[in-house]
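A.B. asks: next comes the sequence, and after it the predicted model I'd like to discuss.
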Amino acid sequence: MTDKPGLMVVRESAPFRGKQGHLYRPAISAEAVGSQALHMQLLEIAPGERAHAHKHEAHETAIHVLKGVSGCFWGERLEHHAIAGAGEFVYIAAGVPHLPYNRSATEPVIAVIARTDPNEQESVVLLPELEPGVDWSQAK
C-alpha cells in the first residue's frame, strides 16, 4: 500500500470468515484505507458451500463473478432464485434478504464485491428465521 493520501494501491488482506459464512479477502474499506463510503473485497465460496441468510441494512451491493457459478435465494422470504456465472454482474438493493451459495461440488466461486458500506462487516444483519423456508429444489 502507498502511504500518500489521495491514492492508495492495496494488496488484498489476509482472508477472514464473515458473519455470512464465506471467506473474504478485504482490499478497500474503512479499516484498510480509511474509505468513507465504499468497500471492495474478493469473495470465495467453497464448493458446495452456502451463506447464512442475511441482508445489508441501508447499503447496496454490486458483485462481479470472476470464476464459477453461484445461485442466490432472495426476497422477503427468500422466495426468488437467481443464478450468476463467470463474467456476469449482480446487483442487490439495500435491505434485501439473500442467501448465496455455490452450485458446484468441485469448483469454487470467486467474485469481486463492492458495497456502499465502507466497513467490512458492519451492515450485515443475519436472518436465521428465513433459512427453514428455503426451497432447495430450485438450487439444481
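C.D. replies: Perfect, thanks for sending it.

A.B. asks: for A32, which three-state class applies?
C.D. replies: Assigned by DSSP: H, G, I helix; E, B strand; the rest coil, the conformation of A32 is helix.

A.B. asks: check the gap between it and R25 for me.
C.D. replies: 11 Å (C-beta to C-beta, to the nearest Å). Every residue, glycine included, has its C-beta placed from N, CA and C.

A.B. asks: SS state for S137?
C.D. replies: helix.

A.B. asks: what are the ranges of the strands in the chain?
C.D. replies: 16-17, 23-28, 39-45, 54-56, 61-67, 69-74, 80-85, 89-92, 98-102, 109-115, 124-126 (DSSP state E).

A.B. asks: for the fourth one, packing partners?
C.D. replies: Counting contacts by 3 or more C-beta pairs under 8 Å, 6 or more residues apart in numbering; DSSP states H and E, strand 54-56 packs against strand 98-102, strand 124-126.

A.B. asks: and with 6 Å instead?
C.D. replies: Strand 54-56 sits against strand 124-126, with contacts defined as 3 or more C-beta pairs under 6 Å, 6 or more residues apart in numbering; DSSP states H and E.

A.B. asks: just the mean pLDDT for the strand it packs on, thanks.
C.D. replies: Taken as a whole, strand 124-126 has a mean pLDDT of 93.

A.B. asks: show me what it is in contact with.
C.D. replies: Applying C-beta atoms under 6 Å, 6 or more residues apart in numbering, the contact partners of strand 124-126 are 19, 52, 54-55, 57.

A.B. asks: paired strands for that strand, with orientation please.
C.D. replies: strand 54-56 (antiparallel) (DSSP bridges).
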